[in-house]
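**Student:** any chance you could fold what I've pasted below:
(one chain, ligands or ions: 1)
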Amino acid sequence: MEKPDSAAKKRLSHPRIRLLLLLWSMVTALPFGARAQRAEQTRILRAALAAIRPDRPVAAFDLDSTILVNKVRQARIMREYGRLRGDARLAGCAPVAVQSWELRDTMRRCGLSESEIETVVPDIRDFWRDRFFSSEYCKDDTPAAGAHDYLRAVLAAGGEILYITGRHEQMGPGTLESFRRAGFPLPDGERVQLWLKPALADDDDRWKEICHARLQQLRGLACAFDNEPTHVNAYKRSFPDAVVVHLDTDHSRRPVEVHPDVPSIHDFVMEPGE
Ligand SMILES: [Mg+2]
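**Tutor:** Sure, this is the predicted structure:
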């Protein structure tokens with residue numbers, strides 16, 4: 001029997017419904033980066049560190065668009081596609097041309113016309129998917145500004161780091177390679193752990209629910225960071241005493257507003273403190 005949530009998702013994935021949701025989110029939602037206030041960032045990040053205590057040591061970090069930036073990965077895929085198709089504009093795609101998850105935006109910034117984009121989109125989808133969700137390509141991800149120092153500060157505060165991601169297990173080696181390149185603390189099975197989704201096809205939201213249930217059984221959650229409004233809201237519901245922080249980078253564009261009690265930040269850069 002079909003799971004109720006997958007039936008609902010099927011309805012939501014109808015092209016006309018998706019278009020309506022997108023239009024609704026464009027009317028009601030703030031643009032990416034508009035919710036976070038740079039002047040508040042250091043205070044928010046320090047509050048999250050201050051929440052770490054011996055009986056509540058866990059700091060949870062999402063990966064994509066939270067502590068890692070995938071523009072290099074996205075641009076590499078676009079360049080390889082451009083070379084395959086003999087399109088010099090796409091073959092020269094630089095990471096700066098990647099401003100969102102929307103491949104149309106990237107192609108537009110590379111100089112393709114709207115009609116050219118419409119021709120390419122159906123063709124590039126599978127090419128993109130086969131590479132984007134792979135170890136070979138995700139190893140190129142770069143650290144978000146300040147993330148390296150902030151993760152180190154969590155450990156210095158006596159905290160434990162839990163990387164919780166919607167990436168599936170086959171992306172593990174590439175994920176660890178990007179951690180090494182970024183100088184992030186590596187999983188040691190004790191104070192630093194990496195929770196990967198068992199399989200690519202598993203639903204991201206359901207996976208995060210499973211992680212929340214596992215978190216409830218661990219020692220307490222001090223703070224959590226994620227770029228998806230749905231996920232930070234779920235953290236706040238499950239762990240009302242934790243400092244839950246939204247990364248105002250980008251997200252899936254589902255029309256969900258961040259809970260008013262969840263502050264937003266741009267990245268992990270802190271002003272030198274007193
Ligand atoms: Mg993310």
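**Student:** give me the number of residues near Arg38?
**Tutor:** 12 (other CB atoms under 10 Å). C-beta coordinates here come from the backbone N, C-alpha and C atoms, glycine included.
**Student:** could you check how far the nearest residue to it once chain neighbours are set aside is from Leu45?
**Tutor:** Nearest non-adjacent residue to Arg38, counting by CB to CB, 6 or more residues apart in numbering: His266, 6.4 Å away. Computed as CB to CB, to the nearest Å, the His266 to Leu45 distance reads 11 Å.
**Student:** who's more crowded, these two?
**Tutor:** Comparing His266 with Leu45 by neighbour count (other CB under 10 Å), the higher total belongs to Leu45, at 25 against 18.
**Student:** list phi and psi for that one.
**Tutor:** Backbone geometry at Leu45, expressed as degrees, to the nearest 10, gives phi -70, psi -40.
**Student:** in contact with it, which residues?
**Tutor:** Leu45 is in contact with 150, 245, 265, 268, 270, counting by CB atoms under 8 Å, 6 or more residues apart in numbering.
**Student:** other residues contacting the biggest helix by length in the chain?
**Tutor:** Scanning the chain for the helix with the most residues, using DSSP state H, yields helix 114-132. Residues from elsewhere that reach helix 114-132 (CB under 8 Å, 6+ apart): 73-74, 77, 80-81, 84-85, 103-104, 107-108, 112, 137-138.
**Student:** rerun at 6 Å
**Tutor:** For helix 114-132, the surrounding residues in contact (CB atoms under 6 Å, 6 or more residues apart in numbering) are 77, 81, 104, 107, 137.
**Student:** okay, the last one: pLDDT?
**Tutor:** Here, the pLDDT recorded for Tyr137 equals 97.
**Student:** what about the nearest residue to Tyr163 once chain neighbours are set aside, helix or strand, and which?
**Tutor:** Once flanking residues are discounted, Tyr163 sits nearest to Leu194: 4.5 Å by CB to CB, 6+ apart. Counting by DSSP states H and E, the element that carries Leu194 is strand 192-197.
**Student:** count of residues packed around the residue in the stretch 1-150 of the chain positioned nearest to the ion?
**Tutor:** Nearest residue of the stretch 1-150 of the chain to the ion: Asp64, at 4.0 Å (CB to the ion). By other CB under 10 Å, 21 other residues sit near Asp64.
**Student:** again, but for Ala47
**Tutor:** Neighbour count for Ala47, taken as other CB under 10 Å: 13.
**Student:** for it, give its distance to Gln41.
**Tutor:** According to CB to CB, Ala47 and Gln41 sit 11 Å apart.
**Student:** buried residues in the longest helix of the chain?
**Tutor:** By neighbour count with 16 or more other CB atoms under 10 Å, helix 114-132 contains the buried residues 117, 120, 124, 128, 131-132.
**Student:** swap in stretch 216-228?
**Tutor:** By neighbour count on 16+ other CB under 10 Å, the buried set for stretch 216-228 is 220-228.
**Student:** format those residues as CSV; extra columns: pLDDT.
**Tutor:** CSV is the format used below for the buried residues of stretch 216-228 (pLDDT from 0 to 100):
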residue, pLDDT
Gly220, 91
Leu221, 95
Ala222, 97
Cys223, 97
Ala224, 97
Phe225, 98
Asp226, 96
Asn227, 95
Glu228, 93
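**Student:** from these, which are also near the ion?
**Tutor:** Filtering the buried residues of stretch 216-228 for proximity to the ion by CB under 5 Å from the ion leaves Asn227.
**Student:** nearest to Asp203 among the buried residues of stretch 216-228?
**Tutor:** Of all these, Asp203 sits closest to Glu228, with 13.0 Å by CB to CB.
**Student:** show me what contacts that closest one?
**Tutor:** Contact analysis of Glu228 by CB under 6 Å, 6+ apart lists His251.
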